[in-house]
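Novice: pasting the sequence and the predicted model now:
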Amino acid sequence: MLTSLLNLQTVLLNAVSLSKNVLTNLQLKMFDVLIFVIFAESESQNSDCGQPRLNTRIVGGEEAPPGSWPWQVSLHRPSLYCGGSLINDQWVLTAAHCVTGANPAGLTAYLGRHSQQESNPNEVNRTVAEVITHPDYKGETNENDIALLKLSSPVTFTAYIAPVCLAASGSSFYSGVECWVTGWGNIAIGEALPYPQNLQEVKVPVVGNRQCQCNFGQPKISENMICAGLQKGGKDACQLDSGGPLVRKQGGRWIQAGIVSFGEGCAEPNYPGVYTRVSQYQTWINTQITSNQPGFIAFTSTGTDSDLSVSCPEVPPIILRTTDLLQTQTKSVVCGRAPLNLRVSGGSSVGTAGQWPWMASLQKDGQHVCGGTLVSLDYVLSSADCFSGPPVASEWTVVLGRLKQNGSNPFEVSLDVTNITLSNQTGSNVAVLQLSTQPPLNNYIQPICLDNGRTFPVGTTCWAAGWSSGQGGGEFMSKQFVPEQKGGDHSVINSLPPPHFFFLKERVLQDVQTTVQSCVNGSSGSSICTGAFTVEPELLLSIYMDNRRACGTDL
């Protein structure tokens, strides 16, 4: 629209120039009025975006006052799992990894929300009528991590609900440009935002793509991404912030520069957050939204971009030690994502493909023996009880992406095992299987996150999953339960031979009802927990049951 108006201005000015000898002063004034009216209207196309009535802040803080970020959207299915941003009266911008494979009918967008646990008098909600993910989104590289949600009906703009402007094609955000990121996400890995869970804000500087690439090594930080964060760490987006906006003010308007996409932990030193660069997608967005298109504004940085002079120091070849296991694995792995898992409330059921994409079937001579969990691109975690004696790695195979033990599994991948490490001394019950090759990551194969030494309180809701040994041909089952933990945590596995899972704690959760024990085919499945009181499938942390107890009935 703006381009068309600029072209029209040129035509009109040329007309004035060519006709100035025959036009009267009155007619020239009429042209002036016409041009003024046209350009007044061109600005009005964006007049509603990026102007929060209640936000006057220019310095940092933690909790955002109500109405400060009126485009912030809270996405639920049915509880909070991602953020988003309102870009006109009926469309929300978010990350593709938040909605890939999601059923629109199961999604709800809350607008004007401030608190996740208290009343929100200025709030409205809409169901989602349509989900459009970028056709070239690649989960394994986080490329094109962008999606649009069409709301079931338009919303009315208020002081608490208003659209953000979007960075237009060609916008430049130089290294050091201060931006804001907002959301209700965790305040640390596995640590939920405390009550009453009010909207949070944090100011972070842009980190140039060259520097960001030096920091990450892998994955590739492409031109479709923008990084932001402190080199010393301490400020960043975290779990449940995914899909939310990274914004910068220019003049009187706030412009969205990025969409929360991925990172290495949360606020880790030398690992800025990585965002989808909005300005790269103006054409795609406008192609999807054909009427009442969002407001795009070009952001221009001043001075010189210091990132242009950045070059990564040459990294010498790395000789891996066995103790380097997870610390040195490829940074591109983003754990805990289950795009096809919409399970958020109680009950048990036969599993569906992709519901728990980290589940592994440990097989000996082609027969399923145990369940396991993919914890990185190279390793599977299981129970030492699966092995009756010293294991011979060449006799074992790990199958990923499998749904049924009997029948067709079009998404499965079978991988050889090169090494098996057991730890069944001093109360530990862990087996670590090293894979011969790295599996492809997709909707059906993803690694889970590992519990990094935090405590899960009694009452935390968990899921157990595995293959049934009863009738049904080895159906994949899952069951929600609330374990009781007596006697506190068991000791840290300090004695586990290399590789160490950065002090992965094995918690023996006792007195779990036998109907939901992680005892499938007499051995281990997976028991997973979020550390919150609802299950968020993207953010699961691994906890292992004590499988040496007498197993109960199937799931």
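Specialist: Yes, it's here.
Novice: what count of nearby residues applies to the closest residue to L86 other than its chain neighbours?
Specialist: Closest residue to L86 apart from its sequence neighbours, by CB to CB, 6 or more residues apart in numbering: W71 at 4.4 Å. (Glycine included, C-beta is placed from N, CA and C.) Close neighbours of W71, defined as other CB atoms under 10 Å, add up to 25.
Novice: looking at it, W71 is touching L166, isn't it?
Specialist: No. W71 is beyond contact range of L166, at 10.3 Å (criterion: CB atoms under 8 Å).
Novice: got any residues that touch both of the two?
Specialist: 87, 256 (CB atoms under 8 Å, 6 or more residues apart in numbering).
Novice: just the endpoints, please. Distance across stretch 179-193?
Specialist: Distance across stretch 179-193, first residue to last, is 21 Å (CA to CA, to the nearest Å).
Novice: mind listing what's buried in it?
Specialist: Neighbour counts over stretch 179-193 (16 or more other CB atoms under 10 Å) mark 179-186, 189-190, 192-193 as buried.
Novice: ok, those residues vs N224, which is closest?
Specialist: Proximity of those to N224, judged by CB to CB, is greatest for C179, which lies at 17.2 Å.
Novice: that closest one belongs to a strand?
Specialist: Yes. Under DSSP: H, G, I helix; E, B strand; the rest coil, C179 falls within a strand.
Novice: with adjacent residues omitted, what lies nearest to it?
Specialist: Using CB to CB, 6+ apart, the nearest residue to C179 is R248, at 4.6 Å.
Novice: element containing that neighbour, please.
Specialist: Under the criterion of DSSP states H and E, R248 resides in strand 245-250.
Novice: now do that strand, average pLDDT.
Specialist: The average pLDDT within strand 245-250 is 97.
Novice: what's the answer for stretch 295-307, then?
Specialist: 95.
Novice: any regions of this protein where pLDDT drops low?
Specialist: 1-47, 54-62, 188-190, 236, 238-240, 314-353, 404-409, 423-429, 450-555 (pLDDT under 70).
Novice: can you map out the helices along it?
Specialist: 2-19, 25-44, 96-99, 209-216, 282-288 (DSSP state H).
Novice: tell me what the shortest one is packed against?
Specialist: Looking back up the chat, that one is helix 96-99. strand 80-86, strand 124-133, strand 147-151 (3 or more CB pairs under 8 Å, 6 or more residues apart in numbering; DSSP states H and E).
Novice: mind putting the ones you listed in CSV, mean neighbour count included?
Specialist: Below are the helices and strands packed on helix 96-99 laid out as CSV (neighbours: other CB atoms under 10 Å):
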stretch, mean neighbour count
strand 80-86, 27
strand 124-133, 17
strand 147-151, 24
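Novice: among the ones you listed, which is nearest Q446?
Specialist: Using CB to CB, the helices and strands packed on helix 96-99 put strand 80-86 closest to Q446, at 15.5 Å.
Novice: what lies in contact with that closest one?
Specialist: Here strand 80-86 has contacts from 70-75, 92-95, 98-99, 109, 111, 116, 149, 155, 161-164, 182-185, 240-245, 256, 259-260, 536-538, using CB under 8 Å, 6+ apart.
Novice: do stretch 105-121 as well
Specialist: 64, 66-67, 70, 72-78, 80, 84, 86, 92, 99, 122-128, 131, 149, 151, 155, 158, 160-161, 184, 193, 195-199, 342.
Novice: tell me who's in contact with the residue lying closest to L149 once chain neighbours are set aside.
Specialist: Spatial nearest neighbour of L149, chain neighbours left out: V92 (4.2 Å); criterion: CB to CB, 6+ apart. In this structure, V92 makes contact with 73, 75, 84-86, 109, 148-149, 151, judged by CB under 8 Å, 6+ apart.
Novice: need those residues in TSV (columns: distance to C312).
Specialist: Putting the contacts of V92 into TSV (distance: CB to CB, whole Å) gives the following:
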residue	distance to C312
V73	37
L75	36
G84	34
S85	32
L86	38
A109	40
L148	35
L149	37
L151	43
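Novice: ok, these vs Q367, which is closest?
Specialist: Distances from Q367 to the contacts of V92, taken by CB to CB, are shortest for L75, at 42.3 Å.
Novice: if the closest one is in a bridge, with which residues?
Specialist: Taking DSSP bridges as the rule, L75 bridges to C82, A109.
Novice: what's the burial count for it?
Specialist: The burial count for L75: 25, using other CB under 10 Å.
Novice: quick check: it touching C98?
Specialist: Yes. L75 is within contact range of C98, at 6.5 Å (criterion: CB under 8 Å).
Novice: common neighbours of the two, please.
Specialist: 81-82, 84, 243.
Novice: which of those residues lies closest to S383?
Specialist: Once CB to CB is applied, the member of those that ends up nearest S383 is Y81, at 29.9 Å.
Novice: distance of that closest one from L107?
Specialist: Distance, Y81 to L107, by CB to CB, to the nearest Å: 9 Å.
Novice: ok, S74 next?
Specialist: From S74 to L107 the distance is 11 Å (CB to CB).
Novice: ok, now M225?
Specialist: M225 is 25 Å from L107, by CB to CB.
Novice: list just the nearest of the contacts of V92 to D378.
Specialist: L75 (32.6 Å).
Novice: dump the residue contacts of the closest one.
Specialist: When contacts are counted by CB under 8 Å, 6+ apart, L75 touches 81-84, 92, 94, 98, 107-110, 149, 243.
Novice: go again with 6 Å.
Specialist: 82, 84, 109 (CB atoms under 6 Å, 6 or more residues apart in numbering).
Novice: quick check: W69 touching W180?
Specialist: No. Using CB atoms under 6 Å, W69 is not in contact with W180, being 7.8 Å away.
Novice: identify the contacts common to these two.
Specialist: With CB under 6 Å, 6+ apart, W69 and W180 have no common neighbours.
Novice: circling back: give me the buried positions along the strand holding R248.
Specialist: 245-250.
Novice: so what touches that strand?
Specialist: 85, 179-181, 228, 254-258, 275, 299.
Novice: can you report how many residues neighbour the spatially closest residue to N442 that is not a sequence neighbour?
Specialist: Nearest residue to N442 in three dimensions, chain neighbours excluded: G139, at 6.6 Å (CB to CB, 6+ apart). G139 is flanked by 18 other residues according to other CB under 10 Å.
Novice: what of V380?
Specialist: Neighbours of V380 (other CB under 10 Å): 28.
Novice: hey, what's it bridged with?
Specialist: L374, L433.
Novice: touching, it and V398? I think so.
Specialist: Yes. Using CB under 6 Å, V380 is in contact with V398, at 5.4 Å.
Novice: between those two, which contacts overlap?
Specialist: Common neighbours of V380 and V398, using CB under 6 Å, 6+ apart, are A360.
Novice: walk me through the domains of this structure.
Specialist: Per automatic domain parsing, the domain ranges recorded for the chain read 2-44, 72-298, 348-543.
Novice: got a list of what the residue nearest to S153 when sequence neighbours are not counted touches?
Specialist: Of all residues not flanking S153 in the chain, R126 sits nearest, at 6.3 Å (CB to CB, 6+ apart). Counting by CB under 6 Å, 6+ apart, R126 touches 109, 151-152.
Novice: separation between R126 and L148?
Specialist: 14 Å.
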